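Colleague: Build me a model:
(chains A, B, C and D)
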There are 2 protein chains.
Amino acid sequence: MKHLLQTIKIEVNNKTYLKDPESSDLGKRIVEHSILMIHELGFDSFTFKKLGDSIGSNESSIYRYFENKHKLLLYLTSWYWGWLEYQFVLATNSIADPMDKLQKAIEVISKPVVLDASFSHINEVLLNDIIVNEYSKSYLTKEVDTENKEGYFEIYKRLVMRISEMIEEASPEYPYPSSLASTVLEGSRHQYFLVQHFPSLTDCSEKVPPTNYFIDLVFNSINK
Amino acid sequence: MKHLLQTIKIEVNNKTYLKDPESSDLGKRIVEHSILMIHELGFDSFTFKKLGDSIGSNESSIYRYFENKHKLLLYLTSWYWGWLEYQFVLATNSIADPMDKLQKAIEVISKPVVLDASFSHINEVLLNDIIVNEYSKSYLTKEVDTENKEGYFEIYKRLVMRISEMIEEASPEYPYPSSLASTVLEGSRHQYFLVQHFPSLTDCSEKVPPTNYFIDLVFNSINK
DNA sequence: ATAGTATGAAAGTAATACTATTATTTTTGT
DNA sequence: ACAAAAATAATAGTATTACTTTCATACTAT
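Modeller: Reported below is the predicted structural model:
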C-alpha cells in the first residue's frame, strides 16, 4: 500500500504518552525497540529497565515518555489501528459499489501485513504480531471502562463502526452489522493466533489467510 | 440444565495443581474464594497473599495446591470448559438431525450462564464472567506452545472440535468448519465482553444474547 | 502413643514498577 | 560565544509481588 502523502503522522490519543515519542530521537528509539523487545520477550516479561539497557538509555528517561508499560501498549496498539484505518480508508474510499467496497474492506483488515517503508522506526510486521498475541491485554483490565471513557480505544471503535456502516450499506436489513463487524476485526487476529499456536482449531494456515473465510462468512450472512 | 448423575466430577489436567483442590476442605475454599476474588479484583490484582487473608489461611498453604496464579487460572478455565462440555454433550447427544443438533449446540455455548447447584463451591455465573474477562490471559503467554503440548488446553480444543464436527455433519461441503467453530466459541464470549464494556460495537445486549446472531451466522454460512 | 500428613506462621529473597534527587550533556536564544 | 533552559543519565530508594524456606503445631490413622 503506497501513501499519497509524503509525510503522514498517525495521530494517537495524547494521554497515552507524557511526551510525544515522535518529537525526539530518543522517543523514536523507545518506540522502535519496544516493538522489537515486546515481540521477542512477550509483553509480560518486557520491562522499561530492559528496554533502557538495550537502547543504551536509562529507565528514568523512558518514564518521561510513558507513564508505564500499559500506556506504552495503548500507544502502540492505537498507532497500529490508526495505521490500519488509514490503509482501510485509502483502499475503500473510491469504490462506489457497496459490495465491492465491503469486500475490499475485509481484504484490508484480514490480509497479512507487509512492511511499510513510510514509518522507518516502526516495524509493522512485528507490531502486527504483537497485536495478534497481546492486544487483548490492553483492554482486559479492571480499568477498561475508565480508559474507554478517556478515549484510549477511539480508533479501534471507529474502525469497527466503519466496517459496520459498510455492512449496513451493503445490506440495510441485516440485523447484526456491529456484531459482525467486531467479529471480523477481532476474529481475524484470532485466526492468525490459531494458525501460530493452535493450527488444529482453524482452516487457515501460513498459505491460506483468513480473508477468504471472512469474505464467505460476511457475504453469506448479508445475502440470505 | 439438570445432571443425570448425582456425583459428577469435572476432570481437569492434573498438572494444573500440585494437590487436587477437590480432595480437601481447604482446597475447595481456595477454589471457591479465588473465583470470588478474581471476579472482584480482576486477575492482575489478585494475589495468593490476599486470597490467604480472605479465607483465614496462609499464602504458603495455597502454594501447596497451586504452583502459581497462572496455574490456578488454567485450573479454573479448564474446569469451566469441562463443565460447559458436559452440558454440551448432554444437550446434543440424543438429537439425531444434524441441523437441530447444531442449533442446540450453538444455543448451549452462547446462552447466558445460570447457577448450577451441583457444584456448591463453584459459582458458575461468576466463573463465566471471569472467562469473558480473563480467558485470553491463560493462553496469551510466551509459554503457550509448551503448555499446549503439555495438554493444558485439551478440553477447550476438544470442545471446538466437537462443534467443528457437527458443522461438518450438517454441511460436509462447507470449507471452514474449524474456523467457524472457533469463531462461535471465542466470539460468543467476546460479544458478552462487548455488551459489558463496548456496547456500541455489538448488537447484543443484556436482553439479546449472542445466540440468535451466531445461529444466523452459522446457518447462513453452511446453507448457501 | 506415635508416626505421618496437613496447615500455619514467620522470615527471607530477587525482581518489578516505579519515584526522587542530583549530575551531566545538549540545545537554544541572543 | 555564552548563559539559561531543557533533556537525559546516574544513582539510590520504596513498596509490592511472587515466590521459597524453615520450623512449629495440629489433626489423623494405626
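Colleague: how about the residues of chain A near DNA strand D?
Modeller: A:19, A:24, A:25, A:26, A:27, A:56, A:57, A:58, A:59, A:60, A:61, A:64 (CB under 7 Å from any atom of the strand). (C-beta placed from N, C-alpha, C; glycine too.)
Colleague: Buried among the residues you listed? Make that a ChimeraX selection.
Modeller: The buried subset of the residues of chain A next to DNA strand D, as determined by 16 or more other CB atoms under 10 Å in any protein chain shown, is captured in ChimeraX by this line:
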select /A:26,27,57
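Colleague: In helices, which of the residues of chain A next to DNA strand D fall?
Modeller: A:25, A:26, A:27, A:59, A:60, A:61 (DSSP state H).
Colleague: re earlier: so which two of the residues of chain A next to DNA strand D are the farthest from each other?
Modeller: Across the residues of chain A next to DNA strand D, the longest distance by CB to CB is 19.0 Å; it joins A:19 and A:56.
Colleague: The residue of chain A found nearest DNA strand C - how many residues pack around it?
Modeller: Across chain A, the shortest distance to DNA strand C (CB to the nearest atom of the strand) belongs to residue A:68, at 2.8 Å. Counted with other CB atoms under 10 Å in any protein chain shown, the neighbours of residue A:68 add up to 10.
Colleague: for residue A:223, same thing?
Modeller: 12.
Colleague: Need the per-residue pLDDT for the residue nearest to it when sequence neighbours are not counted.
Modeller: Nearest residue to residue A:223, sequence neighbours excluded (CB to CB, 6 or more residues apart in numbering or on different chains): residue A:171, at 7.0 Å. On pLDDT, residue A:171 comes in at 97.
Colleague: So residue A:171 is in contact with residue A:218, correct?
Modeller: No: Residue A:171 lies out of contact with residue A:218 (CB atoms under 8 Å); the separation is 9.4 Å.
Colleague: When these two are compared, which one has more neighbours?
Modeller: residue A:218 (27 against 20).
Colleague: how about the more buried one, secondary structure?
Modeller: Secondary structure, DSSP: H, G, I helix; E, B strand; the rest coil: residue A:218 is helix.
Colleague: same check, this time on residue A:8
Modeller: Reduced to three states with three-state DSSP, the structure at residue A:8 is coil.
Colleague: Just give the nearest non-adjacent residue to it, would you?
Modeller: residue A:118 (6.4 Å).
Colleague: Check residue A:200 too.
Modeller: Of all residues not flanking residue A:200 in the chain, residue B:157 sits nearest, at 6.7 Å (CB to CB, 6+ apart).
Colleague: Who are the contact partners of the one you found?
Modeller: Neighbour list for residue B:157: A:198, A:200, A:201 [criterion: CB atoms under 8 Å, 6 or more residues apart in numbering or on different chains].
Colleague: Quick one: these as JSON lines, columns for neighbour count and distance to residue B:208 too.
Modeller: JSON lines is the format used below for these (neighbours: other CB atoms under 10 Å in any protein chain shown; distance: CB to CB, whole Å):
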{"residue": "A:198", "neighbour count": "20", "distance to residue B:208": "30"}
{"residue": "A:200", "neighbour count": "11", "distance to residue B:208": "32"}
{"residue": "A:201", "neighbour count": "24", "distance to residue B:208": "27"}
